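**Q** Here you go, sequence then predicted model.
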Amino acid sequence: MTTRVQIPRLGWSPRDHQMALWNYLHDGGKRAIAIWHRRAGKDEIALQHIAVSAFRKIGNFWHCLPEYAQARKAIWTSVNPHTGRRRIDEAFPPEIRESVNDQEMFIRLINGSTFQCIGSDQYSRTVGSSAAGVVFSEYALSNPSAWAYMRPMIEENDGWALFITTPRGRNHAKSMFDFARQRDDWFSELLPVSATGALTIEQQRDALEEYRALYGSGAGQAAYDQEYEVSFSASLPGSYFAEEMKQVRDEDRIIAVDAIDRPVMRAWDLGVTDSTAIWHYQMQGGQCVVLDVTVSNSVGVEWYRDEIFRLYEERGWQHGSDYVPHDAKVKEWGSGRTRVETMAQLGLKPVLVPLATINDGINAVRRLLPLCVFHPRCEESGISALEQYRREWDDDKKCFKDAPLHDWTSHPTDAFRYLAMSYKPVPRIVPKEPKVTGWHIAPPAEARRGGIRL
């Protein structure tokens, strides 16, 4: 006996403000970015689109959250407050499932397609896989390197990618949105709460009062503007460098500047399983000219050495010192050598940054940023990280913790801390005054009594 199942299930249909995006995706659209306000149903429509896509074309489909741990709370176990059902049960009811792996947040459907929740913080775990469609949920908080990593496999499979988010300042999500608006082959939409009618005036007022109670009047209004009015100008609550990075943008200090005939220095945050980040910068008088940033993970120092040598040869840059954290002098298991020794043997020029606390480094960054000019190629993995580096929020105490949140922004920002701790302006060359014998300029007291004494 054959059972017919309709997808989407349980009578689901898009709400009025969701129709434009749904129709674009339903008609075969390949690239879309939706900057929608909080509680507009971004994940809801994304999950339903995955379910439909999985039966149109057999393949692997991913729902990617900024962090792997968030995927379980936000998607896998999340309950729709309007229906009282788990979101994944609404999109993927038991009738269309062949098997479920709860630990891996993985569903195999009856036609052979698969669905899985993943995190942008562990995107390298998808190596060897292939995807026909991917959703980046809260893309503004996600590691932008994840999309760079997945894009070739999506293109190879003629797949689709959907980016859904609320703003988090003028970071990589804003850059993607601006790019998409200029393209005929992209869907782009910005929906504030005032345009959707998804929340009543009373609900909007309650949300604003809640933010003000949590963060204070000014910061609470900024958080509300960001979450519900989808403002790119509002600063991220808890951000360490919000004012300094706003000043960088307001003063147009993100420009295509090039290196001059001096060494280009490098500041490293060294990782093994985590990411390694390297800032390439140069001291030009009293300015710190930040030329590029390299971020990758799951590769050894040899890979970074090769990448650095290739990059510098292509651009004609001179090799400067490699500033590394103080713990790089600790010997590693297996090799018996320190990282400094390994780097030196590979032709790099490691220099230990003085040992300091995280707060000392943060203060050093704050002092340095007003002197910085960034090349636009730093935008995605570097500038975005500095803008989003923030204190961790304590849900129980309803306040920010003293420690920074450890996410994808940590490694680029840690490397920039080492840059700030090692940065020294190029000294200005002041010509010496010629020596004159036989007379001298009198000190102030003598000058008042008669000036020059022969």
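**A** Looks like it arrived, so ask away. Numbers count the residues shown, from 1 in each chain.

**Q** In the chain, what helix or strand scores lowest on average pLDDT?
**A** When the helices and strands of the chain are compared on mean pLDDT, DSSP states H and E, helix 444-449 comes out lowest with a mean of 40.

**Q** secondary structure element for the closest residue to residue 211 other than its chain neighbours?
**A** Closest residue in space to residue 211, ignoring its immediate chain neighbours: residue 220 at 3.9 Å, by CB to CB, 6 or more residues apart in numbering. Where C-beta positions appear, they are placed from N, C-alpha and C, glycine not excepted. Following DSSP states H and E, one finds residue 220 within helix 217-227.

**Q** which residues are in contact with that helix?
**A** 37-38, 166-168, 207-208, 211-215, 231, 233-237 (CB atoms under 8 Å, 6 or more residues apart in numbering).

**Q** ok, now with 7 Å
**A** With contacts defined as CB atoms under 7 Å, 6 or more residues apart in numbering, helix 217-227 is touched by 37-38, 166-167, 207-208, 211-212, 214-215, 231, 234-235, 237.

**Q** Just the CA coordinates for the very next helix or strand once past it, please, in CSV.
**A** Past helix 217-227, further along toward the C-terminus, the next helix or strand under DSSP H and E is helix 242-250. Provided in CSV are the C-alpha atoms of helix 242-250 (Å, rounded to 0.1, in the frame of the first residue of the first chain):
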residue,chain,number,x,y,z
ALA,A,242,32.6,48.8,18.9
GLU,A,243,33.6,52.5,19.1
GLU,A,244,37.1,52.1,17.7
MET,A,245,35.9,50.0,14.7
LYS,A,246,33.0,52.4,14.1
GLN,A,247,35.6,55.2,13.9
VAL,A,248,37.6,53.1,11.4
ARG,A,249,34.6,53.0,9.1
ASP,A,250,33.4,56.5,9.7
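
**Q** what's the helix or strand just after helix 242-250 packed up against?
**A** Next helix or strand after helix 242-250 toward the C-terminus (DSSP H and E): strand 263-269. Identification of packing neighbours for strand 263-269 by 3 or more CB pairs under 7 Å, 6 or more residues apart in numbering; DSSP states H and E yields strand 275-284, strand 318-324, helix 410-422.

**Q** would you list the ones you listed in TSV and tack on mean neighbour count?
**A** Written out in TSV, the entries for the helices and strands packed on strand 263-269 read as follows (neighbours: other CB atoms under 10 Å):
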stretch	mean neighbour count
strand 275-284	23
strand 318-324	19
helix 410-422	25
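
**Q** show me the contacts for the closest residue to residue 175 other than its chain neighbours.
**A** Taking CB to CB, 6+ apart as the measure, residue 175 lies nearest to residue 379, with 6.1 Å between them; neighbours along the chain are not counted. With contact taken as CB under 7 Å, 6+ apart, residue 379 is in contact with 172, 175, 254.

**Q** since we're on the second one, how many residues are nearby?
**A** The burial count assigned to residue 175 is 16, neighbours taken as other CB atoms under 10 Å.

**Q** what helix or strand does it sit in?
**A** Taking DSSP H and E as the definition, one finds residue 175 inside helix 172-181.

**Q** Please put the alpha-carbon coordinates of the helix or strand just after that helix into PDB.
**A** Tracing the chain C-terminally past helix 172-181 and defining elements by DSSP H and E, one meets strand 187-191 next. What follows is strand 187-191, C-alpha atoms only, in PDB (Å, rounded to 0.1, in the frame of the first residue of the first chain):
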ATOM      1  CA  PHE A 187      17.700  37.300  -3.900                       C
ATOM      2  CA  SER A 188      18.200  39.900  -1.200                       C
ATOM      3  CA  GLU A 189      15.700  41.300   1.200                       C
ATOM      4  CA  LEU A 190      15.800  43.400   4.400                       C
ATOM      5  CA  LEU A 191      12.700  43.200   6.600                       C
END
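
**Q** for strand 187-191, which positions count as buried?
**A** Of the residues in strand 187-191, those with enough neighbours to count as buried (16 or more other CB atoms under 10 Å) are 187-189, 191.

**Q** Tell me which other helices or strands that strand touches.
**A** helix 19-26, strand 31-36, helix 172-181.

**Q** Pick the most buried one from the ones you listed.
**A** strand 31-36 (a mean of 23; mean count of other CB atoms under 10 Å).

**Q** For that one, output the C-alpha coordinates as CSV.
**A** The C-alpha coordinates for strand 31-36 follow below in CSV (Å, rounded to 0.1, in the frame of the first residue of the first chain):
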residue,chain,number,x,y,z
ARG,A,31,21.5,32.2,-3.9
ALA,A,32,19.5,34.2,-1.4
ILE,A,33,20.2,36.4,1.7
ALA,A,34,17.4,37.5,4.0
ILE,A,35,18.1,40.1,6.6
TRP,A,36,15.0,39.7,8.7
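
**Q** quick check: mean pLDDT across that strand?
**A** Rounded to a whole number, the mean pLDDT of strand 31-36 is 98.

**Q** contacting residues around it?
**A** Applying CB under 7 Å, 6+ apart, the external contacts of strand 31-36 come out as 21, 24-25, 42, 161-167, 176-177, 180, 185-191, 230.

**Q** at 8 Å what do you get?
**A** Among residues not part of strand 31-36, those counted as contacts by CB under 8 Å, 6+ apart are 21, 24-25, 42, 139, 160-167, 173, 176-177, 180, 183, 185-191, 196, 230.

**Q** Can you list the strands that that strand pairs with?
**A** Within its sheet, strand 31-36 is paired with strand 160-165 (parallel), strand 187-191 (parallel), according to DSSP bridges.

**Q** which one of these lies closest to residue 67?
**A** Taking CB to CB as the criterion, residue 67 comes closest to strand 160-165 out of the strands paired with strand 31-36, the separation being 14.3 Å.

**Q** ok, residue 276 - contacts?
**A** So residue 276 contacts 268-270, 295-297, 299, 304, 411 (CB under 8 Å, 6+ apart).
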